[in-house]
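Trainee: Provided below are the primary sequence and the corresponding predicted coordinates.
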Amino acid sequence: MNKSRLFGSIAAITLIAIGAYAGYLKYGTQVLSDQNQASLVSDREILSYVPADTLMFFGGLETASWQEIIGMMLSEADWLHDAGWVQQLGAEQQAQLPPAVLMLSSMLGSYAQSLKNSTADAAPLGWGQQVDAALYTVGFLPVLRIKLADAPAFIKYINDAQQQVDLTPELSAAGDISIRAYSLDKPTAEEPSDTNLLIGTSSRYAIITLGGKLLGGDIRDSVFGLKKPASSLAHVSTLQDIKEKYHFHPAYIGYLSHREIMNGLTGDVDSGLSRMLDTLFAQLAEARATAMEGISTEESQNPADLAPDDTQESRPTTPGDTGMANTETTTEQKHPLAALRTAACRSELMLLAELWPQTVFGYTKLELTGNPKIMETRTVVENTDPAFMKSMQQLRGFVPAFVKNSAQKPMFGVALGLNVDALAPFITATVQSFISKQYQCAFLADLKTQLTQNNPALMLGMVSGMIAGVQGFSAMIMDLDADLIPGVEAAAPEIRNIDALLTLTSTNPQSLVALANGMNPDMPPIQLPADGSAVNFPLPLPIALGKPLKLALKGNHLVAFTGEISSRLANDLATTASSANGFLALNMDYGRYMKMLLKFSDQMTAENSDPPDTNGEDKSQALAAMEKLKMQMMETVDIETGGLVMDINVTMD
């Protein structure tokens, strides 16, 4: 599943994401009375539960259409369901997994089943035809909140998923919300963390989050919505500003706030993350103190163990030293982030965070009614220093058009546009700008010292000097038909057909040819005609291709290729200028790529299995489902004046 599907599969992906978190939680939220609350910017109720200082958000200004979600996911539903999930695991394997993981996997499998056809109904999930959901954080705690159209249906969905993996949760309640807890510890854990996956349900909402014994009343009430935050996303224009600036679809908007993360780390008193970290570290310190008291008590009950060792030299003492270890806890021991929480660090680190304030993402195009279906997303790592970004743009190099063209439909293509000549100067200028400033924050002052003593630009300058003039590299596989050779070390493939090309773009490609000749003095020198004619690749290849590999100089492009399509693409480069037109591009046919990848994986497993693999039938089902994916994904990353921009285009038949 690729990034562009995050918005279409909000529940499925967030269920997995939540399962990856672990920690102990406590949080306090100041709540104003209704008459004292700030005026609302949005009247969407679910946003009133989301703290304005959430570290991240995924949702929208309006509800999402269930039919749109199906349209986004339909091509992958067979793979999601037929891959088997928990059913592929034997009873012994299931017994080793944490109950929370089993529950999440079972829920995800049931969710995938609901996407099996374009007329699928959301009723079994209890969501309704308009999905009203949001993923956010309270402190560092992830929370998924879903508005229910049919609470009994959702409860049945949870019960069925629970029964499928034979789990019995711990039950509790908070107000009118029933809570089920599933442990994130393995059944065999010697020191349980007491962290649980929590699923809460009321007549109006489902809430999925984490918790444990340390989940106090304040944070519990905030997470489950018994108390709303004083300042919520309904009170601020954050989502509206993002939507208007980037023209995102109003139902699918997300962001990660670097500012709020830095606020929490540096101890801003108004930060929910900061308060939660303070509570967590205090609890850990108390637990350590309790453990040390237990050790001291045990030692005092066994005085023989403390008898002096005549063979051990006495520890030197200084005036006022009693000879006993100093048990006073240092500031750093009391709070691991104390070094970042001085007034100087808070001020200087926040200035840095303001340069890269947030990462935003959303859909810019959704065409799901026709064939093919087209989805486009944009992710922007924002920067507020245009002069710096203009300097970084000098790193952009040449990316061939055929890699960025989604209609080309390669099995796999990748390109890196990098102006090597600009790399060392950019790094030098960036480092110099940093070390020229005076820092009161000890952390930044130490970093300045390290960069002064070990400037990375020096090594980069030496390396880039050897390949001066390089502006980009690309590789494209248009077609590949191959098998692994049984019994051959390193699983060398037997290639029946291949259509592929490699390109290296430079302002002086002949110098690269000379460099290659110098590195292989015992081999015949490579000589390329200036008119662009292709010659057979003169060096031995580690793998037999079944057809000649050609090498040619096409203008500023050094090209190695084989196959009819790649030959045509190589010829097109002869008249293509090596302009700075991008930074990174990726083009992939998921169905064909996964077919070949899993074919190799299956052959390697069969060759190396002893005893033979007994899950072949399940793997064949998963492979067959993946091969059905008719999805072309084209991704580009570029450097713009407003930040780093990643665009994804997905075309599905």
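Mentor: Yes, it's here.
Trainee: Verify the stated contact: residue 340 with residue 263.
Mentor: No. At 11.3 Å, residue 340 does not count as touching residue 263 under the criterion of Cβ atoms under 8 Å. Bear in mind the C-beta positions are built from the backbone N, C-alpha and C, glycine included.
Trainee: Walk me through the regions of the stretch 51-200 of the chain where pLDDT falls short of the threshold, as ranges.
Mentor: The model of the stretch 51-200 of the chain has pLDDT under 70 over residues 74-90, 116-120.
Trainee: Do a quick rundown of the strands in it.
Mentor: 56-59, 64-65, 130-131, 133-138, 141-147, 170-174, 177-183, 195-201 (DSSP state E, counting those that start in this stretch).
Trainee: of all these, which lies closest to residue 515?
Mentor: Closest to residue 515 of the strands of the stretch 51-200 of the chain, according to Cβ to Cβ: strand 56-59, at 46.2 Å.
Trainee: What lies in contact with the closest one?
Mentor: With contact meaning Cβ atoms under 8 Å, 6 or more residues apart in numbering, strand 56-59 is reached by 6-7, 10, 14, 46-47, 50, 133-137, 233, 238-239, 253-257.
Trainee: let's go with 10 Å and repeat that
Mentor: 6-7, 10, 13-14, 17, 44, 46-47, 50-51, 131-137, 142, 144-145, 233, 238-239, 242, 251-257, 260-261, 358-362 (Cβ atoms under 10 Å, 6 or more residues apart in numbering).
Trainee: residues contacting the closest residue in space to residue 535 that isn't next to it in sequence?
Mentor: Of all residues not flanking residue 535 in the chain, residue 551 sits nearest, at 5.7 Å (Cβ to Cβ, 6 or more residues apart in numbering). Going by Cβ under 10 Å, 6+ apart, residue 551 touches 502, 513, 526-528, 534-539, 558-561, 570.
Trainee: Which element, helix or strand, includes residue 551?
Mentor: Residue 551 is part of strand 550-554 when elements are defined by DSSP states H and E.
Trainee: So for that strand, what gets flagged as buried?
Mentor: By neighbour count with 16 or more other Cβ atoms under 10 Å, strand 550-554 contains the buried residues 550-554.
Trainee: Stretch 201-208 too?
Mentor: Using 16+ other Cβ under 10 Å as the burial criterion, the residues of stretch 201-208 that qualify are 201-202, 205-208.
Trainee: biggest separation within those, which pair?
Mentor: 202 and 208 (13.0 Å).
Trainee: for the chain, which helix is longest?
Mentor: Ranked by residue count and defined by DSSP state H, the top helix of the chain is helix 272-300.
Trainee: If I take the helix or strand just after the strand holding residue 551 and strand 550-554, what angle do their directions form?
Mentor: Where DSSP H and E defines the elements, the next helix or strand beyond strand 550-554 is strand 557-562. Angle, strand 557-562 to strand 550-554, by axes from the mean of the first three to the mean of the last three Cα atoms, to 10 degrees: 150 degrees.
Trainee: Residue 101: neighbour count?
Mentor: Neighbours of residue 101 under the rule other Cβ atoms under 10 Å: 21.
Trainee: hmm, back to that, tell me which of the strands of the stretch 51-200 of the chain is the most buried.
Mentor: Most buried of those, by mean neighbour count (mean count of other Cβ atoms under 10 Å): strand 195-201, with a mean of 25.
Trainee: list the helices and strands the helix or strand harbouring residue 359 packs on?
Mentor: Following DSSP H and E, one finds residue 359 within strand 358-367. Contacts defined by 3 or more Cβ pairs under 10 Å, 6 or more residues apart in numbering; DSSP states H and E place strand 358-367 against strand 56-59, helix 66-82, helix 238-246, strand 253-257, helix 258-265, strand 373-382, strand 643-652.
Trainee: Quick one: closest of those to residue 627.
Mentor: Closest to residue 627 of the helices and strands packed on strand 358-367, according to Cβ to Cβ: helix 66-82, at 9.0 Å.
Trainee: What sits closest to residue 237 if chain neighbours are left out?
Mentor: Distance criterion Cβ to Cβ, 6+ apart; nearest residue to residue 237, sequence neighbours excluded, is residue 41 at 5.1 Å.
Trainee: I'd like to know how far the one you found sits from residue 131.
Mentor: 22 Å (Cβ to Cβ, to the nearest Å).
Trainee: Kindly report the same for residue 181.
Mentor: Residue 181 is 25 Å from residue 131, by Cβ to Cβ.
Trainee: what's the answer for residue 337, then?
Mentor: 38 Å.
Trainee: again, but for residue 171
Mentor: From residue 171 to residue 131 the distance is 27 Å (Cβ to Cβ).
Trainee: next one: residue 526
Mentor: Residue 526 is 59 Å from residue 131, where distance means Cβ to Cβ.
Trainee: what does residue 362 give?
Mentor: For residue 362 relative to residue 131 (Cβ to Cβ), the value is 16 Å.
Trainee: what does residue 164 give?
Mentor: Using Cβ to Cβ, we find residue 164 at a distance of 23 Å from residue 131.
Trainee: Residue 204 too?
Mentor: 15 Å.
Trainee: what's the answer for residue 342, then?
Mentor: Distance of residue 342 to residue 131, given as Cβ to Cβ: 45 Å.
Trainee: Over to residue 442?
Mentor: 48 Å.
Trainee: so where's the stretch 401-550 of the chain shaky on pLDDT?
Mentor: For the stretch 401-550 of the chain, residues meeting the criterion pLDDT under 70 lie at 484-492.
Trainee: More neighbours: which of residue 340 and residue 263?
Mentor: residue 263 (23 against 18).
Trainee: For the nearest residue to that one once chain neighbours are set aside, which residues are in contact?
Mentor: Excluding its sequence neighbours, the residue lying closest to residue 263 (Cβ to Cβ, 6+ apart) is residue 271, at 4.4 Å. Listed by Cβ under 10 Å, 6+ apart, the contact partners of residue 271 are 51, 53, 55, 139, 259-265, 277-278.
Trainee: just residue 60 next, same as before
Mentor: Residues counted as contacts of residue 60 (Cβ under 10 Å, 6+ apart) are 7, 10, 44, 46-47, 131-134, 239, 243, 248-254, 362-363.
Trainee: Look at the residue nearest to it when sequence neighbours are not counted and report its pLDDT.
Mentor: Among residues not flanking residue 60 along the chain, residue 251 sits closest, at 4.0 Å (Cβ to Cβ, 6+ apart). Residue 251 carries a pLDDT value of 95.
Trainee: Mind checking what secondary structure residue 251 has?
Mentor: coil (DSSP: H, G, I helix; E, B strand; the rest coil).
Trainee: Phi, psi for it please.
Mentor: When read as degrees, to the nearest 10, the backbone of residue 251 gives phi -90, psi -10.
Trainee: And it, how close does it get to residue 131?
Mentor: 9 Å.
Trainee: so what sits against both of the two?
Mentor: Contacts common to residue 251 and residue 131, judged by Cβ under 10 Å, 6+ apart, are 10, 59-60, 63-65, 68-69.
Trainee: Partner strands of the strand holding residue 551 and their direction?
Mentor: With DSSP bridges as the test, strand 550-554 is paired with strand 535-536 (antiparallel), strand 557-562 (antiparallel).
Trainee: circling back to that earlier point, give the buried residues for the longest helix of the chain.
Mentor: For helix 272-300, a neighbour-count test (16+ other Cβ under 10 Å) marks 272-281 as buried.
Trainee: That helix versus strand 253-257: what angle between them?
Mentor: Using the same axes, to 10 degrees, helix 272-300 lies at 50 degrees relative to strand 253-257.
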